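> Provided below are the primary sequence and the corresponding predicted coordinates.
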Amino acid sequence: MEFEAVIGLEVHAQVSTKSKLFCACSTKFGAGPNENTCPGCSCVPGTLPVLNRKVVEYSIRTALATSCTVQRKSVFDRKNYFYPDLPKAYQISQYELPIARNGHIDIEVGGQGKRIGVNRIHIEEDAGKLVHEGDLSGAQASLVDLNRSGMPLMEIVSEPDMRTPEEAVAYLRNLRDILLYLDVCDGNMEEGSFRCDANVSIRPKGQEKLGTKAELKNMNSFRNVERAVEYEIRRQIELVEDGGKVVQETRLWDAEAGVTMSMRRKEEAHDYRYFPDPDLLPLMVEDSWVEELRGTIPELPGPKIERLAGQYGIPKYDAGILASSRKLADFFEASVAIFNGAPKTTANECVHWKEAILSEKLSPETIAHAVEDRENGTISATASKKLVTAVLETGKPFRSLRDEKGLTQVSDTSALDAIVDQVLAASPKEVESYRGGKTGLLSFFVGQVMKESRGKANPKIVQEVIRKKLG
């Protein structure tokens, strides 16, 4: 029997606000244990939540960017469960009435486009963190750090529209790029501000009914998401083919072993005993505010890729790399605005110096001048790289360094004639072989001229002069 996988993703994106969802504590990462806490987020009885308006704003912008419908009314609920990192025994979340529904994200895998539905976006607070300590004898203690308690999260839940691990990763990458463009989440998977749980099931190909799903956790990179989903699909198929049954459970991904392991049986919605939080009024969103925020949505990665490729005549692949970062794409366009004679070369330079550009160590003028001087034959490709490196080291302007270091190429044929004559006179055997048909020796002559000119000769002009002299 041939099986197909059904994959849905639940992404928890930490909202990039300075304070938590229901209190004024800092959201800064890396603080000492329990340093960023107060009676509210440490769950002291008698404290009341106060909603962070910025979190709502960022959630609405995310909804608009993913083509979701923003709900005029949404409700905060209590999701009841107990773990040591959730001292009040419930999490404030949204259940039946989330802030947004029914959107989509477009992906492309293997040259084929596909639309992945977004079921819902809801706002919720994060729980704390358990730190386990133990020794070889088995004695163990669990320590609680509540810095993360109350962190503002958007949970973005996809429809089960993905069929392969590659589609799942493409969806995740596109969603992360959107959040980065909006500047609503920093997308850092290692620090846990962009986390993904994958719901994976299998079914006979052609069957409409969904199979029993397993939820995968503990995947902190795109590569681990792909590997975990791939393994889980294989595990479930082998289990069914051997006569077993897939059970609904939560499984942890062990990246070192390359396997998923059972953690606990998956809870049903009724196990959480949702009910509206009595301390929070229903969230009412005015249409005028939604329209105001719609005007703040920038050009998103998908449309930007198409525009960059069409407007500048660069390959779609290059446009995709540039559009993966809003800052990089803006830098490219700023560079082309200064010198628009070679957009493809400019794109290559932006990709090559990507890290320096993103860390704001280079200006668009540096790349534009480097490309223009290369295209005009003023400097060589090697000199260009040396000069950009020197800009990074010294902070001096590109062309000032070019003149200071004397790296301008010699393109005057009359100035090159003497050097070429000298090289040809010193290589009579090679000249005879060249004239006898071994034209590959041209690179040898060019190399000798470059050596004699200390790298200042223009290689293209040198080739022309040598060909003319040798006939």
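Yep, that arrived.

> which parts of stretch 321-330 are buried?
Applying a neighbour-count criterion of 16 or more other CB atoms under 10 Å, one finds Ile321, Leu322, Ala323, Ser324, Ser325, Arg326, Leu328, Ala329 buried in stretch 321-330. From N, CA and C alone the C-beta is placed, and that goes for glycine too.

> Just the C-alpha atoms of it, please, in PDB.
Only the C-alpha atoms of stretch 321-330 are listed here, as PDB (Å, rounded to 0.1, in the frame of the first residue of the first chain):
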ATOM      1  CA  ILE A 321      18.500  35.400  -1.700                       C
ATOM      2  CA  LEU A 322      18.300  39.200  -1.600                       C
ATOM      3  CA  ALA A 323      14.700  39.200  -0.500                       C
ATOM      4  CA  SER A 324      15.400  36.800   2.300                       C
ATOM      5  CA  SER A 325      16.400  39.900   4.300                       C
ATOM      6  CA  ARG A 326      14.600  43.200   4.000                       C
ATOM      7  CA  LYS A 327      17.800  45.000   4.900                       C
ATOM      8  CA  LEU A 328      19.800  43.200   2.200                       C
ATOM      9  CA  ALA A 329      17.100  43.800  -0.500                       C
ATOM     10  CA  ASP A 330      17.000  47.500   0.400                       C
END
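
> just how off-centre is that stretch within its chain?
How far stretch 321-330 lies from its chain's middle: 11 Å, per CA atoms, centre = their mean, to the nearest Å.

> So what touches it?
Contacts of stretch 321-330 from elsewhere in the structure, counted by CB atoms under 8 Å, 6 or more residues apart in numbering, are 177, 180-181, 298, 301, 304-305, 308, 332, 347, 350-351, 354, 357-358.

> which of these tops the neighbour count?
Phe332 (28 neighbours; other CB atoms under 10 Å).

> Return the list of helices and strands in contact with the strand or helix carrying Glu464.
For Glu464, the element it lies in under DSSP states H and E is helix 459-470. Contact here means 3 or more CB pairs under 8 Å, 6 or more residues apart in numbering; DSSP states H and E; on that basis helix 459-470 packs against helix 413-425, helix 428-435, helix 442-452.

> which of the ones you listed is buried the deepest?
Highest mean neighbour count of the helices and strands packed on helix 459-470: helix 442-452, a mean of 17 (counted as mean count of other CB atoms under 10 Å).

> What's the mean pLDDT across that one?
The average pLDDT for helix 442-452 rounds to 87.

> For that helix, give me every contacting residue.
Here helix 442-452 has contacts from 416, 419-420, 422-424, 426-427, 430, 434, 457, 459, 462-463, 466-467, using CB under 8 Å, 6+ apart.

> how does it look with 7 Å?
Applying CB atoms under 7 Å, 6 or more residues apart in numbering, the contact partners of helix 442-452 are Ile419, Val420, Gln422, Val423, Glu430, Ala457, Pro459, Val462, Gln463, Ile466.
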